[in-house]
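# Need a 3D model of the following:
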Amino acid sequence: MTDAKPRGEPVPKETPDLLAEEIEQLRQIFPQAFTEGKIDFEKLGAALGDQADDRPERYSFSWAGKRDAIRLLQTPSRATLVPVKDESVNFDATENLFVEGDNLEVLKLLYKAYCGRVKMIYIDPPYNTGNDFVYPDNYADPLKTYLELTQQITSNPETGGRYHSAWLSMMYPRLFLARQLLREDGVIFVSIDDNEVHNLRMVMNEIFGEENFITTIIWQKVYAPKNTARHFSEDHDFVIVYARNGLTWRPTLLPRTPEADARYENPDNDPRGLWKPSDLTARNYYSQGRYEVTSPSGKKFKSGMGRYWRSSPEKFWELDRDNRIWWGPNGDNMPALKRFLSEVQQGIVPQTLWLYRDVGHTQDAKKELLDYVRFSETENVLNTVKPSRFLQKMLQLATKPRSADIVIDFFAGSAPLGHAVLKQNHEDGGNRRFVCVQFPEPLPRPEAILKTIADIGKERIRHVIAKMKKESAGKLDLKDREAPEDLGFKVFKLAESNYKQWNVQAGGSPDAYATQVGMFADSLVDGWKPENVIYEVAIKEGYGLNCRVESVASVKKNTVYLVTDPDKEQSFYICLDGKVRLDALKPLELKRDNLFVCRDRALDDDAAANLALQCRLKTL
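Residues are numbered from 1 along each chain as shown. A predicted model of the protein is given here:
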């Protein structure tokens, strides 16, 4: 009896199994905790020693449905993303992306290609006010839910019994995947209001780690108080900020403004230049901070009731001898420390209070959206849209202009983040890239040209690009760009896989089984399109959506494509013909480290065995 000839390995039909990956990581760290392939919790606890907490009463955070949310996260996606070139702008050259679909499925599909590559994430999720939607997740078959129930945008009334639990179950798997996408120096900003800010902090502590909490930003979202408020006028929202590594992450200092520099003067003509006075006392107790000083005019000063000098007497007089103490023009003022402009950080440390005059307010955001999309198309998003200036500030804090940083918003709405990236790149010559993901939530006017919120986002970005192109026409680009400004975006849509799926509901009779086996003689669905299959293979193999697809002209008797991911510097060949001729592939000069993908039916056993010896062969 002879051994079966090798036929290569199959192309993955689903996204990675996150649970299997985590278990493998645990196996690498604690191999002694595994017995016969399973985790032995007693051995794992012994390996962890005092770090394991097995007390019956201990701190924890849970809600009704948490286990199902975790199961939903662990369910691989069998979906794909298909390119939609007629809705895109400059598809072949741009690196910006707009993906239409349920964001959980999309995040699973992006995971393999973008894990550990994203510099900044901003999301503006449903605030759970009772009127905004909750995604209809179904851990048993999430893709089927999306494809069949895109009209099911449900409310989450407080009378529903699990008001907070439903929201947390929706957020948990999405935030978990978001963390996986972040770079080691990445950061996430999450907009929220009072309804769920406490639960958001708790669930993000669990996913990101409490030590990686950075701050809570307060955004003054309105410019006038609401006199009709029942209790208080709600004038602000929150932005919760977490880093992938809170111990090392630092925000970029904001550019110094003329107003900030105007605070510095030089009334005593100090040769070190402009300076401003700074208080020498503080409320913090300092053991050497209680003493009396005498001014040049003879006036005596103490630190004051409940306050202490910031330095010891020796240090104080050392500063005075260096002319760093300001006693006032007549030498009889309370002493102050001279802080020189030349010695301060060349930038402004960001603050946690963001006033509308600096970053815009909700009325600004509505007006800005209406500049690009008609009112009749936008009424469903006007209450939640954010101003682009608000998001530009986050980009300034978390990204660099020319580092090709990837930024993601997977609750994109009307795509203000995409707008902000285009604006910020235009202003500072940057090459940031955006990925906007939006569920196609139906709009209330079926007669409108734009049918969903995703349509509004795409329309907005198209008009922003058109306006920038018009303004730049005939002008020289004075910014020292390494590449032309990216004024475009690719559109992809979530869709069913191009691979046939085994129907477990078809019945277990021999005839039904034989029928299904016969259907799988060709693994691709009826009516498949080469481009869609190529992108699905690329996605499942971990290639980014900006991969290049080029026909290989040197191959004559078969149609072969070269797929290249420029970011990862990796590529593969793919042929979808019904029969692959080995002699036709000679111009490729395939080597052992080359990946070649083709349909399983396109090779007989001998051809498959020969090709598998030449290269890494994978089949559909």
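
# residues contacting Arg201?
If you count contacts by Cβ atoms under 8 Å, 6 or more residues apart in numbering, Arg201 has them with 213, 240. The way it works is simple: take the backbone N, C-alpha and C, and place the C-beta from them, glycine included.

# Could you tell me the phi and psi values at it?
Main-chain torsions, Arg201, degrees, to the nearest 10: phi -60, psi -40.

# same deal with Val560?
Dihedral angles (degrees, to the nearest 10) for Val560: phi -120, psi 140.

# Any idea what it is bridged to?
Cys575 (DSSP bridges).

# My read is that it contacts Leu585, right?
Yes: between Val560 and Leu585 there is a contact under Cβ atoms under 8 Å: 7.2 Å.

# Going along the chain, name the helices of the stretch 351-500 of the chain.
Per DSSP state H, counting those that start in this stretch, the stretch 351-500 of the chain carries helices over the ranges 356-359, 362-370, 375-378, 388-398, 416-428, 453-472.

# need those in TSV with mean pLDDT, distance to His198 and mean neighbour count, can you?
Listed next are the helices of the stretch 351-500 of the chain as TSV, based on pLDDT from 0 to 100; distance: least, Cβ to Cβ, whole Å; neighbours: other Cβ atoms under 10 Å:
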stretch	mean pLDDT	distance to His198	mean neighbour count
helix 356-359	94	24	16
helix 362-370	92	23	18
helix 375-378	70	31	16
helix 388-398	97	22	23
helix 416-428	96	25	23
helix 453-472	94	27	20
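
# Can you give me the end-to-end span of stretch 611-620?
One end of stretch 611-620 sits 15 Å from the other (Cα to Cα, to the nearest Å).

# now it, how far from the chain's geometric center?
When C-alpha coordinates are averaged (Cα atoms, centre = their mean, to the nearest Å), stretch 611-620 and its chain have centres 35 Å apart.

# now do stretch 44-56
34 Å.

# Stretch 558-577 now?
For stretch 558-577, the distance to the chain centre is 27 Å (Cα atoms, centre = their mean).

# So what would you say the end-to-end distance of that stretch is?
7 Å.

# And for stretch 318-337?
Stretch 318-337: ends 12 Å apart by Cα to Cα.

# could you give the mean pLDDT of that stretch?
Across stretch 318-337, pLDDT averages out at 95.

# What are the buried residues along it?
320, 324-328, 334-337 (16 or more other Cβ atoms under 10 Å).

# Among those, which ones are in strands?
325-326, 336-337 (DSSP state E).

# Name all residues that make contact with the closest residue to Trp528 other than its chain neighbours.
Sequence neighbours aside, Asn498 is the residue nearest to Trp528 in space, at 4.9 Å (criterion: Cβ to Cβ, 6 or more residues apart in numbering). Applying Cβ under 8 Å, 6+ apart, we find Asn498 in contact with 80, 524-525, 528, 532-533, 536.

# Among these, which one lies nearest to Phe213?
Nearest to Phe213 among these is Thr80, at 36.0 Å by Cβ to Cβ.

# Give the closest residue to that closest one in space, chain neighbours not counted.
Thr80 sits nearest to Glu536 (Cβ to Cβ, 6+ apart), 4.0 Å away.

# And for the one you found, the neighbour number?
When neighbours are counted by other Cβ atoms under 10 Å, Glu536 registers 25.

# how about the strands of the stretch 251-400 of the chain, start to end?
Ranges of strands in the stretch 251-400 of the chain, per DSSP state E, counting those that start in this stretch, are 275-279, 281-282, 292-294, 300-302, 308-309, 325-326, 336-340, 353-354.

# Among these, which comes closest to Pro225?
strand 353-354 (16.8 Å).

# buried stuff in stretch 534-551?
534-547, 549.

# Then stretch 565-575?
Buried, per 16+ other Cβ under 10 Å, within stretch 565-575: 565, 567, 571-575.

# Cross those residues against strands and list the overlap.
Among the buried residues of stretch 565-575, the members falling in strands (DSSP E) are 565, 571-575.

# Dump the residues you listed into JSON lines; add distance to Phe91 and pLDDT as well.
Shown next, in JSON lines, are those (distance: Cβ to Cβ, whole Å; pLDDT from 0 to 100):
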{"residue": "Asp565", "distance to Phe91": "16", "pLDDT": "97"}
{"residue": "Ser571", "distance to Phe91": "20", "pLDDT": "97"}
{"residue": "Phe572", "distance to Phe91": "21", "pLDDT": "97"}
{"residue": "Tyr573", "distance to Phe91": "22", "pLDDT": "97"}
{"residue": "Ile574", "distance to Phe91": "19", "pLDDT": "97"}
{"residue": "Cys575", "distance to Phe91": "23", "pLDDT": "97"}
